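*Asks:* Just a sequence and a predicted model for now, questions to come.
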Amino acid sequence: MTTNSPSATSQGQQLLADAQLMLAHGNFEAASGLLLRARAEKDTMLAAHALIEQHGLTGSFRNIFGLNCTISSADDIFGFFAGHASSSNPLRDYLADGWRTLAELMTVMERVGQPLVQSQHFLEFASGHGRFTRHLPICWGRTR
């Protein structure tokens, strides 16, 4: 008999707990595999992602983008991607959308003769949790 009680541990939660144990014992390779599986589960996606990013494990977006790719659970824009039927990888889609926004802004700024890479100051209004803002330091050669 199976139960759906609130105290039942989901597969993602078990993977996350096992991965945390592996991290505590310094077994980063085993933890990485478990966390990648936990990241594929809806209920543990962000927690697993945060640990992957924190430790720079296999599958880390920080290793690809060269910047902090931790995502807040309170980020409404990430919530949009996570809940959208067309998003098969909400983490990737969220981070790529921030990068795309930066590319579009850079194009617009160049067209008006004010290249973003030459700007000394930049104010982003309503920056939220950093979907776009996290990518800005790349313009000035600063990352991580």
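*Replies:* Cool, got the structure.
*Asks:* which ones are touching residue 109?
*Replies:* Residue 109 makes contact with 115-116, 119, according to Cβ atoms under 8 Å, 6 or more residues apart in numbering. Heads up, the C-betas are built off the backbone N, CA and C, glycines and all.
*Asks:* Most neighbours of all the residues you listed, which one?
*Replies:* For the contacts of residue 109, the largest number of neighbours (other Cβ atoms under 10 Å) sits with residue 116, at 16 neighbours.
*Asks:* any idea which element the residue lying closest to that one once chain neighbours are set aside lies in?
*Replies:* Once flanking residues are discounted, residue 116 sits nearest to residue 109: 4.4 Å by Cβ to Cβ, 6 or more residues apart in numbering. If you go by DSSP states H and E, residue 109 is part of helix 90-111.
*Asks:* centre of the chain versus that helix, how much separation?
*Replies:* 15 Å (Cα atoms, centre = their mean, to the nearest Å).
*Asks:* One more: stretch 44-60?
*Replies:* With Cα atoms, centre = their mean, you get 8 Å for stretch 44-60.
*Asks:* And the strands in the chain, which stretches?
*Replies:* For the chain, strands defined by DSSP state E do not occur.
*Asks:* Helices along that one, start to end?
*Replies:* Applying DSSP state H to the chain gives helices spanning 11-24, 28-39, 45-55, 62-65, 76-83, 90-111.
*Asks:* in the least confident helix or strand in the chain by mean pLDDT, what counts as buried?
*Replies:* Here the helix or strand of the chain ranked lowest by mean pLDDT, DSSP states H and E is helix 62-65, holding a mean of 88. By neighbour count on 16 or more other Cβ atoms under 10 Å, the buried set for helix 62-65 is 62, 65.
*Asks:* And stretch 107-120, by the same measure?
*Replies:* For stretch 107-120, using 16+ other Cβ under 10 Å, the buried residues are 109, 116.
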